[in-house]
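**Q** Quick one, fold the following:
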Amino acid sequence: MESFSLKGRTAFVTGGNTGIGRAIVQLFAAQGAKVGISHIGDAAGAQALADELAASGAEAAVTECDVTDANAVARLNAWSREHLGPVDILVNAAGISGETPFVDLSIDEWDRMMAVNLRGTFLVTKQFFADMIAQKYGRVINIASQLAYKGTYDMSHYCASKAGVVGFTRALSYEGAPHGVTVNAIAPGPVETAMLASFTNEWRAMKFAQLPAGRFGETGEIAPTALLLASETGGAYFIGQTLSPNGGDVML
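**A** Down below sits the predicted model:
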């Protein structure tokens, strides 16, 4: 596991207080990284996670940030420099979901989905990317979805936003790779999180029936993919890739 050690590295995970982001934070910390965590409206939960990590000997710091707000994201970068120092690994895990038939989909719903999932990924990456280029090292990991490839009922806005994340990842990788900065994405299948629990029983049953694995995934089954991409040696030759631990929902 020495190839996957993050000792001496600093990571920042947006949406790191819950779900897949939380599992990534916990694994990165266990592998020796100093970790920054952003949340929105969950100060107590995020701080409890940081305290849990500190009790195990890890170093973590938390802050609140609305990733759709350019000024808030600029403040996030300043906060990160003060409390963490240079960031080597960025994970864009903040995201939202939802199911609405297209004929009922409002412009506000569409715009909100794009603002969090796609604009947020852009804004946060833009704040950290230049520093990674300057230091000649970096790992950017964007959380997409297998639905970027497959699509599904009642989620055109979500699928489009995650497809945008995949395209952004591929394009930016060309600009980062010559400077030692890799840009990749993870496209998980359905994972047991609060987000998945918010879907209707009908939608969950439909999705469950499509999975060759015969079950939904767990957050701890997604985090190791992030560790692979974040590691210095294991992730070095992944450029512009989207890895998809998805229970067979999409086979690329």
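
**Q** in the stretch 101-250 of the chain, which spans are helices?
**A** Ranges of helices in the stretch 101-250 of the chain, per DSSP state H, counting those that start in this stretch, are 107-114, 120-135, 147-150, 156-176, 194-197, 201-210, 223-230.

**Q** any idea of the angle the first one forms with helix 120-135?
**A** For the pair helix 107-114 and helix 120-135, the angle between their directions (axes from the mean of the first three to the mean of the last three CA atoms, to 10 degrees) equals 20 degrees.

**Q** cool, and the longest one?
**A** An angle of 10 degrees separates the directions of helix 156-176 and helix 120-135 when computed by the same axes, to 10 degrees.

**Q** okay, the helices of the stretch 101-250 of the chain, which one's buried deepest?
**A** helix 223-230 (a mean of 22; mean count of other CB atoms under 10 Å). Just so you know, the C-beta spots here come from the backbone N, C-alpha and C atoms, and that holds for glycine as well.

**Q** Name the surrounding residues that touch it.
**A** The contact list for helix 223-230, computed with CB atoms under 8 Å, 6 or more residues apart in numbering, reads 4, 6, 9, 11, 20, 23-24, 26-28, 31, 33, 89, 91, 139, 141, 182, 184, 186, 234-235, 238, 243, 245.

**Q** The nearest residue to T169 once chain neighbours are set aside: neighbour count?
**A** Among residues not flanking T169 along the chain, A185 sits closest, at 4.2 Å (CB to CB, 6 or more residues apart in numbering). Residues contacting A185 under the criterion other CB atoms under 10 Å number 29.

**Q** Identify the residues contacting A185.
**A** 141-144, 165-166, 169, 241-243.

**Q** Mind checking which of the contacts of helix 223-230 are in strands?
**A** Per DSSP state E, strands hold the following members of the contacts of helix 223-230: 11, 89, 91, 139, 141, 182, 184, 186, 243.
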